[in-house]
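Engineer: Fold the following, please.
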Amino acid sequence: MDLKAIIAGFKRNGAAIEAAYEGVSTEGLRWKPNEKKWSLLEILCHLADEEKRDFRTRVRLTLEGAGDKWPPIDPEGWVTEFRYNEQDLAAVLTRFRDERAESLRWLRSLKKPDWEIAHEHPSLGRMRAGDLLASWAAHDLLHLKQIARTKAMLLAHDLKPFSARYADPSLGD
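Structural biologist: Below you'll find the model as predicted:
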């Protein structure tokens, strides 16, 4: 595994995530395509919390001692518990940026980590530290895709009565 390339990807993805929020109105940040989907602001809050509470913590705990119990997480519950959709964009961007910087510092500090060290997850089974790192990197990209999709849906909503179905039939009425 090329840790330097992973770190560089995390840095690029962090910048892309931040850039995706430039120019989005307050209403647009809080708009939800439907009650089951997250708003743009909720996605960003999730990314900031996952950075600290999930991925960095769990990779660290796995590398330091595979038998250690992971702290519980509840990403779906955090949306309402922490009132994601009521938070301030600038504050959340700062929190995400700070947590990402801390993750990058920590990853750069690792000296020959053993990515094969594993933790037994109660439902997913054996999770190696390398599996967690790969999932963390994929998590960024999956949420960048979600952000882009939500922004396209918001645009289609804002442009009514006109339709964006020519670009994507699912963006039609």
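Engineer: Could you measure from the residue nearest the centre of the chain over to residue 26?
Structural biologist: Centroid-nearest residue in the chain: residue 47, 3.2 Å away (criterion: CA atoms, centre = their mean). According to CB to CB, to the nearest Å, residue 47 stands 19 Å off from residue 26. All C-beta atoms are positioned from the backbone trio N, CA, C, and that covers glycine.
Engineer: Tell me, please, the helix or strand in this protein that averages the lowest pLDDT.
Structural biologist: strand 118-121 (a mean of 86; mean pLDDT, DSSP states H and E).
Engineer: partners of that one, with directions?
Structural biologist: Strand pairing for strand 118-121, determined by DSSP bridges: strand 125-128 (antiparallel).
Engineer: elements contacting the longest helix seen in the chain?
Structural biologist: Counting residues, the longest helix found in the chain (DSSP state H) is helix 129-158. Contact analysis of helix 129-158 by 3 or more CB pairs under 8 Å, 6 or more residues apart in numbering; DSSP states H and E lists helix 3-19, helix 40-49, helix 57-64, strand 118-121 as its packing neighbours.
Engineer: Let me know the next secondary structure element after the third one.
Structural biologist: Counting by DSSP states H and E, the element after helix 57-64 in chain order, helix or strand, is helix 75-81.
Engineer: which other helices and strands contact that following helix?
Structural biologist: Counting contacts by 3+ CB pairs under 8 Å, 6+ apart, helix 75-81 is packed against helix 40-49.
Engineer: for the helix it packs on, packing partners?
Structural biologist: helix 26-30, helix 75-81, helix 89-109, helix 129-158.
Engineer: Need the residues that contact it.
Structural biologist: 17, 21, 24, 28-32, 38, 75, 78-79, 82, 84-85, 87, 89, 92-93, 95-96, 99, 140, 143, 146-147, 150-151, 154 (CB atoms under 8 Å, 6 or more residues apart in numbering).
Engineer: Mark which of those residues are buried, thanks.
Structural biologist: The neighbour-count test (16 or more other CB atoms under 10 Å) marks 17, 21, 24, 28-32, 38, 78-79, 84-85, 87, 89, 92-93, 95-96, 99, 140, 143, 146-147, 150, 154 as buried among the contacts of helix 40-49.
Engineer: what bits of this protein have low per-residue confidence?
Structural biologist: 66-67, 173 (pLDDT under 70).
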